[in-house]
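*Asks:* Provided below are the primary sequence and the corresponding predicted coordinates.
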Amino acid sequence: MMNYWLIKSEPDAFSWQEQIQNNIEPWTGIRNHQAKKNLQSMKNGDLAFFYHSNVGKEIVGIVRIVKEAYPDPTDPDQKWSCVDVQTVCSVPTPVTLKQIKAIPELQEVSLIKQSRLSVMPITPEHWKLLCNLGGITQADIKK
DNA sequence: GCCAACGTTGGC
DNA sequence: GCCAACGTTGGC
């Protein structure tokens, strides 16, 4: 059973362009219990939207989980977790927060309901809808 | 265990 | 720069 997620990054700190260049990236630095719980629920092969917070405020790409939760090396106490994500594809037409807020079917997404959460699940229905909005096809996300 | 004070995230 | 919505800290 495939799960879908959304992860946030401030492009000033780590942008989609850098993700593309690095290809595989350890998703470190998460210091929130709910976000940690979500990281630990991720399975290899799960897909996640890559969202630019603060600057852009739009879904710009899709990544795949390629290494399940392990201790975050940037945490001295090793009590926080991280996963590895791999670049899958860019979103041809980035989906903006403004767009999402304007669509009645998307009012329940955590991006809106819990605006401070940085790692969140996305339902399959919302995933499909957001892919359509972004111009993503099934072929784009098949390896 | 409560809660006031403080810090952070992130949209506007 | 402001502030709403959290999360954390520390005194009691």
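*Replies:* Perfect, thanks for sending it.

*Asks:* A:Val119 contacts A:Ile7, correct?
*Replies:* Yes: using C-beta atoms under 8 Å, A:Val119 is in contact with A:Ile7, at 5.4 Å. C-beta here means a position set from N, CA and C on the backbone, and glycine is covered the same way.

*Asks:* find residues that contact each of the two.
*Replies:* Common neighbours of A:Val119 and A:Ile7 (criterion: C-beta atoms under 8 Å, 6 or more residues apart in numbering): A:Trp27.

*Asks:* distance from the biggest strand by length in chain A to the middle of the chain?
*Replies:* If you go by DSSP state E, chain A has its longest strand at strand A:81-96. Relative to its parent chain, strand A:81-96 has a centroid offset of 6 Å by C-alpha atoms, centre = their mean, to the nearest Å.

*Asks:* dump it to CSV, restricted to CA.
*Replies:* What follows is strand A:81-96, C-alpha atoms only, in CSV (Å, rounded to 0.1, in the frame of the first residue of the first chain):
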residue,chain,number,x,y,z
SER,A,81,14.6,10.8,12.8
CYS,A,82,15.2,11.4,9.1
VAL,A,83,14.6,9.6,5.8
ASP,A,84,16.4,9.7,2.4
VAL,A,85,14.4,11.1,-0.5
GLN,A,86,15.2,10.8,-4.3
THR,A,87,14.2,13.2,-7.0
VAL,A,88,11.4,11.8,-9.2
CYS,A,89,10.3,14.8,-11.4
SER,A,90,9.5,18.4,-11.4
VAL,A,91,5.9,19.7,-11.4
PRO,A,92,5.4,21.2,-14.9
THR,A,93,2.9,23.8,-13.5
PRO,A,94,3.7,24.4,-9.8
VAL,A,95,0.6,24.3,-7.6
THR,A,96,0.4,27.4,-5.5
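
*Asks:* list the contacts for A:Lys36?
*Replies:* Taking C-beta under 8 Å, 6+ apart, we find A:Lys36 in contact with A:Ile30, A:Trp80, A:Ser81, A:Val119.

*Asks:* close to DNA strand B: what parts of chain A are there?
*Replies:* By C-beta under 7 Å from any atom of the strand, the residues of chain A that approach DNA strand B are A:8, A:10, A:53-54, A:57, A:97-98, A:101, A:111, A:115-118.
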